[in-house]
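Chemist: Quick check, what structure comes out for this input:
(chains A and B)
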2 protein chains.
Amino acid sequence: MVEWSVATDSLSSTFGALADPTRRAMLARLAKGEATVTELAEPFAMSLPAVSKHLKVLERAGLITRGREAQWRPCRLEARPLGGATEWLERYRQFWEGSFDRLEDHLREIQREQQS
Amino acid sequence: MVEWSVATDSLSSTFGALADPTRRAMLARLAKGEATVTELAEPFAMSLPAVSKHLKVLERAGLITRGREAQWRPCRLEARPLGGATEWLERYRQFWEGSFDRLEDHLREIQREQQS
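Modeler: Residues are numbered from 1 along each chain as shown, chains lettered A, B, ... in the order given. Sure, this is the predicted structure:
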């Protein structure tokens, strides 16, 4: 585990919220539909307070909202911040596509060497 | 500033590294070409050790590499992890596009109301 100190602008909140496999799994579950905290906690060997802490990070980042029914308060995915994050990443598409091309070239060269 | 405790799987490292405006600005600078630590530090009112700390986070996430020349060690963007992050986010595209659609519908409705 690493501790990161993170500023609270909107993109930083989004990326910070995504920087944890449990929180990403929670978003994946919510992509299938609303869920209660208990339902969200089920797949994880984790205390309810730990689950609540993750949900709070997601909520602060605007990635989920909670229903108003006092007892159930189902969680719901709010995907718009993910759009902002993708938009930021898209600017770099040419770079990683470039690096895949370079990898492919490299692999082809190795194959050629092995065949000759 | 918020402290996040983040697991060290590859996607988490990528998103964690992106969860800071200084680190994102450094990547944006490196997208234009290699740069030394001093060049990277220039736009920020930040000590060199603080800049080095950010660079280490980027390096651990595999987002930059450093040259071998002892004195200069220019930093270079390695964009492939950004591809992995985008791939993860792409799965949610339908959700945020859906929410933009809903926003557009809502705005159109307001306009109609104002015109009638």
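
Chemist: Grab the nearest non-local neighbour of A:G16.
Modeler: Sequence neighbours aside, B:A19 is the residue nearest to A:G16 in space, at 3.7 Å (criterion: CB to CB, 6 or more residues apart in numbering or on different chains). Bear in mind the C-beta positions are built from the backbone N, C-alpha and C, glycine included.

Chemist: Quick check on the one you found: phi, psi?
Modeler: phi -80, psi 40 (degrees, to the nearest 10).

Chemist: residues near it, how many?
Modeler: B:A19 is flanked by 29 other residues according to other CB atoms under 10 Å in any protein chain shown.

Chemist: Report pLDDT for it.
Modeler: Per-residue confidence (pLDDT) for B:A19: 97.

Chemist: how near is it to A:G62?
Modeler: 14 Å (CB to CB, to the nearest Å).

Chemist: Same check on A:I110?
Modeler: For A:I110, the distance to A:G62 - CB to CB - is 46 Å.

Chemist: More neighbours: the two, which one.
Modeler: In this view A:I110 and A:G62 are compared by other CB under 10 Å, and A:G62 has more residues nearby, 17 against 10.

Chemist: Pull the contacting residues for that one.
Modeler: A:10, A:13-14, A:78, A:80-81 (CB atoms under 8 Å, 6 or more residues apart in numbering or on different chains).

Chemist: now, which of the residues you listed sits nearest A:V57?
Modeler: A:S13 (8.5 Å; CB to CB).

Chemist: one step back: neighbour-wise, which of the contacts of A:G62 leads?
Modeler: A:T14 (25 neighbours).

Chemist: pLDDT weak spots in chain A?
Modeler: A:1-7, A:70, A:99-107, A:116 (pLDDT under 70).

Chemist: Please enumerate the helices of chain A.
Modeler: A:10-18, A:21-30, A:37-41, A:48-60, A:80-90, A:93-115 (DSSP state H).

Chemist: okay, the ones you listed, which one's buried deepest?
Modeler: helix A:10-18 (a mean of 23; mean count of other CB atoms under 10 Å in any protein chain shown).

Chemist: Just the residues contacting that helix, thanks.
Modeler: Contacts of helix A:10-18 (CB under 8 Å, 6+ apart): A:4, A:6, A:23-24, A:27, A:57-58, A:60-63, A:81-82, A:84-85, A:88, B:2, B:4, B:11, B:15-16, B:18-21, B:24, B:85, B:88.

Chemist: what residue is smack in the middle of chain A?
Modeler: By CA atoms, centre = their mean, chain A has its centre lying nearest to A:L18, at 3.4 Å.
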